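Undergrad: I would like the atomic coordinates for the input below:
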Amino acid sequence: MCGILGIVLANQTTPVAPELCDGCIFLQHRGQDAAGIATCGSRGRIYQCKGNGMARDVFTQQRVSGLAGSMGIAHLRYPTAGSSANSEAQPFYVNSPYGINLAHNGNLVNTASLKRYMDEDVHRHINTDSDSELLLNIFAAELEKHNKYRVNNEDVFHALEGVYRLCRGGYACVGLLAGFALFGFRDPNGIRPLLFGERENPDGTKDYMLASESVVFKAHNFTKYRDLKPGEAVIIPKNCSKGEPEFKQVVPINSYRPDLFEYVYFARPDSVLDGISVYHTRLAMGSKLAENILKQLKPDDIDVVIPVPDTARTCALECANVLGKPYREGFVKNRYVGRTFIMPNQRERVSSVRRKLNPMESEFRGKKVLIVDDSIVRGTTSKEIVNMAKESGATKVYFASAAPAIRYNHIYGIDLTDTKNLIAYNRTDEEVAEVIGCERVIYQSLEDLIDCCKTDKITKFEDGVFTGNYVTGVEDGYIQELEEKRESIANNSSDMKAEVDIGLYNCADY
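TA: Residues are numbered from 1 along each chain as shown. Got it, this is the predicted structure:
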């Protein structure tokens, strides 16, 4: 899972880089492994800054001052099947044809056949393990077929038809065509989110933005925004004061199935994705979870409801309201420790949980505690949390999950873990409770979770992480390939180092 962003300013003398940097701060939760920006100057020159680390560390004032141009894209990387090497920081760039930058959120599930096709039929070299570089080169190869000196919108849409024909998976992309336009497109199932927004300036001109979440639009005063439809693309000309964005439904919608995990865990609560308020879905999750808890426990079994910060707070608060039990903040979070389930080995994850959360003994001592979390993945964090609660004097600990049991790989861009490492894989709820050391584990049902998120327009979701049934299907051997990549990354993680690459490319003038 990554964050992507693209902006075109009507005033071509105003640099877009500062606003891209600020937008990245609002999307930082979507990727903390690496950050990158590419901008385009008036004569088609591409300026680039990217590197490992948080946006605030990569985008220093000195580096950003060198990013000229009123049109640009940004990316925040959350590592999936690719490595954490600096070479895989995005946006990616190819100089043929025209000069193209691309930032991508998601995963392709037919990478093996695509790599063979690129090598044997197209003769384009793929230098990394990143799906994003592969997707960029497929788009470039399709665009090159037109063999024109200057590209136009129809050429871009035709090239995207080829991308949709060849690529399977969940993906949302923003890209730059040097000196020509910014473009964005979304997979035919709408698995990964992408929104388009506009902002009117005092002189009547308009600025345009593409982003992974609506929160960026509100923060930057883009008052009108909407989701791109599955299979839809948009092209925004570099001189947007004289030309309107053009939208096209490039391929028919296969099925409108956003990823359920966005609403459970990944998206900010103040975002609205596909017309669905993340905050209100999490309130509904708490209400449904409480109803399920009351089927398994007596009211007297619980003295207090405590969330695992931060994502579970909304769910836990509503759960406590429905149960009629006090809600307490029992864990204080150290905000300077990153996510635990993406750390390279088990020992680091365990110690990180203790660094990340510190229990308030007064909220646990002598109490029967219901702990609410957004999900249970490996169980590493859950086990340590239960241990901390009991060490702090809790007499009984029950553990509730806002999500159903996660029993399968997430294949569309969230690197949870291999299936065999998921705590719920081939285990009953009772066995999970025994492993993490609590009295009982209570999961949200999948039916209830879908009820919390669905609308009149969207009634189905990508739920393969819970069911093993993926909306796109998978290429033979893909899951095994994914797990082998993860193992290779873990073995080589000690060799990774933070770097920053500042690049400048001369591209064709338009």
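Undergrad: how many neighbours does the residue nearest to Leu297 when sequence neighbours are not counted have?
TA: Distances taken as Cβ to Cβ, 6 or more residues apart in numbering put Tyr398 closest to Leu297, at 6.7 Å, once the chain neighbours are dropped. Where C-beta positions appear, they are placed from N, C-alpha and C, glycine not excepted. Per other Cβ atoms under 10 Å, the neighbour tally for Tyr398 reads 23.
Undergrad: ok, now how distant is Tyr398 from Val264?
TA: 19 Å (Cβ to Cβ, to the nearest Å).
Undergrad: returning to that earlier point: and the residue nearest to Leu297, helix, strand or coil?
TA: Secondary structure, DSSP: H, G, I helix; E, B strand; the rest coil: Tyr398 is strand.
Undergrad: if it is in a bridge, with which residues?
TA: Leu370, Arg440 (DSSP bridges).
Undergrad: output the below-cut-off pLDDT ranges for the chain.
TA: 79-87, 336-351, 477, 480-510 (pLDDT under 70).
Undergrad: show me the helices in the stretch 351-500 of the chain, by range?
TA: 380-391, 429-436, 446-453, 464-467, 478-492 (DSSP state H, counting those that start in this stretch).
Undergrad: hmm, the residue nearest to Leu297 is touching Asp373, no?
TA: No - with contact defined as Cβ atoms under 8 Å, Tyr398 does not reach Asp373; the gap is 11.6 Å.
Undergrad: picking up where we left off before, the residue nearest to Leu297 and Gln12, how far apart?
TA: For Tyr398 relative to Gln12 (Cβ to Cβ), the value is 59 Å.
Undergrad: what's the answer for Ala400, then?
TA: Ala400 is 53 Å from Gln12, by Cβ to Cβ.
Undergrad: repeat for Asn254
TA: To Gln12, Asn254 is 38 Å away according to Cβ to Cβ.
Undergrad: and stretch 107-116, what's buried?
TA: 107-111, 114 (16 or more other Cβ atoms under 10 Å).
Undergrad: before we move on, what about stretch 425-432?
TA: 425, 427, 432.
Undergrad: can you check stretch 28-45 too?
TA: So, applying 16+ other Cβ under 10 Å, buried residues of stretch 28-45: 29-42, 44-45.
Undergrad: cool, stretch 374-393 as well?
TA: 374-390, 392.
Undergrad: what's the span of it, first residue to last?
TA: The first and final residues of stretch 374-393 sit 24 Å from each other (Cα to Cα, to the nearest Å).
Undergrad: contacting residues for Lys454?
TA: By Cβ atoms under 8 Å, 6 or more residues apart in numbering, the contact set of Lys454 is 460-461.
Undergrad: and what of Lys115?
TA: 126, 134.
Undergrad: surely it forms part of a helix?
TA: Yes - Lys115 sits within a helix when classified using three-state DSSP.
Undergrad: look up how far Glu475 lies from it.
TA: Lys115 is 11 Å from Glu475, by Cβ to Cβ.
Undergrad: so what sits against both of those two?
TA: Counting by Cβ under 8 Å, 6+ apart, nothing touches both Lys115 and Glu475.
Undergrad: burial of Lys242, as a residue count?
TA: With other Cβ under 10 Å as criterion, Lys242 counts 9.
Undergrad: that one and Ser392, how far apart?
TA: 64 Å.
Undergrad: likewise for Ile191?
TA: 40 Å.
Undergrad: over to Tyr279?
TA: Taken as Cβ to Cβ, the span from Tyr279 to Ser392 is 30 Å.
Undergrad: now do Gly464
TA: Following Cβ to Cβ, the distance that separates Gly464 from Ser392 is 37 Å.
Undergrad: with Tyr265 instead?
TA: In terms of Cβ to Cβ, Tyr265 sits 25 Å off from Ser392.
Undergrad: equivalent analysis for Glu431, please.
TA: 25 Å.
Undergrad: the more surrounded of Ala400 and Gln12?
TA: Ala400 (28 against 16).
Undergrad: Ala103: which element?
TA: Assigned by DSSP states H and E, Ala103 belongs to strand 100-108.
Undergrad: could you name the helices and strands sitting against that strand?
TA: strand 3-8, strand 34-40, strand 71-77, strand 92-94, helix 131-144, strand 169-177 (3 or more Cβ pairs under 8 Å, 6 or more residues apart in numbering; DSSP states H and E).
Undergrad: for the ones you listed, give me CSV that also has distance to Ala290.
TA: Below are the helices and strands packed on strand 100-108 laid out as CSV (distance: least, Cβ to Cβ, whole Å):
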stretch, distance to Ala290
strand 3-8, 32
strand 34-40, 39
strand 71-77, 34
strand 92-94, 46
helix 131-144, 39
strand 169-177, 31
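Undergrad: quick one: which of those is nearest Lys224?
TA: strand 3-8 (14.8 Å; Cβ to Cβ).
Undergrad: and the next helix or strand past that closest one?
TA: Assigned by DSSP H and E, the successor of strand 3-8 is helix 17-26.
Undergrad: which residues does that next one contact?
TA: 3, 5, 7, 9, 35, 37, 39, 55-56, 59, 64, 67-69, 72-74, 76, 209, 211, 213, 215-216, 219-220, 268.
Undergrad: stretch 124-139 too?
TA: Against stretch 124-139 from outside (Cβ under 8 Å, 6+ apart): 80-83, 85, 87-88, 90, 92, 94, 100, 102-104, 106-108, 111, 114-115, 118-119, 122, 140-141, 159-160, 162-163, 166-167, 169, 171, 173, 175, 485.
Undergrad: at 6 Å what do you get?
TA: 82, 87-88, 90, 92, 102, 104, 107-108, 114, 118, 141, 159, 163, 166 (Cβ atoms under 6 Å, 6 or more residues apart in numbering).
Undergrad: what's the farthest-apart pair in those?
TA: Maximum distance among the contacts of stretch 124-139 (Cβ to Cβ): 25.2 Å, for Ser87 and Ala159.
Undergrad: who are the contact partners of Val264?
TA: Val264 neighbours (Cβ under 6 Å, 6+ apart): 374, 402-403.
Undergrad: now, which of those sits nearest Cys319?
TA: Of those, the one sitting nearest to Cys319 (Cβ to Cβ) turns out to be Ala402, at 8.5 Å.
Undergrad: quick check: that closest one touching Asp373?
TA: No - applying Cβ atoms under 6 Å as the test, Ala402 and Asp373 come out as separate, 7.1 Å apart.
Undergrad: ok, those two, which is more surrounded?
TA: Ala402 (30 against 22).
Undergrad: have a look at the chain and report its longest helix.
TA: When the chain is parsed with DSSP state H, its longest helix is helix 278-296.
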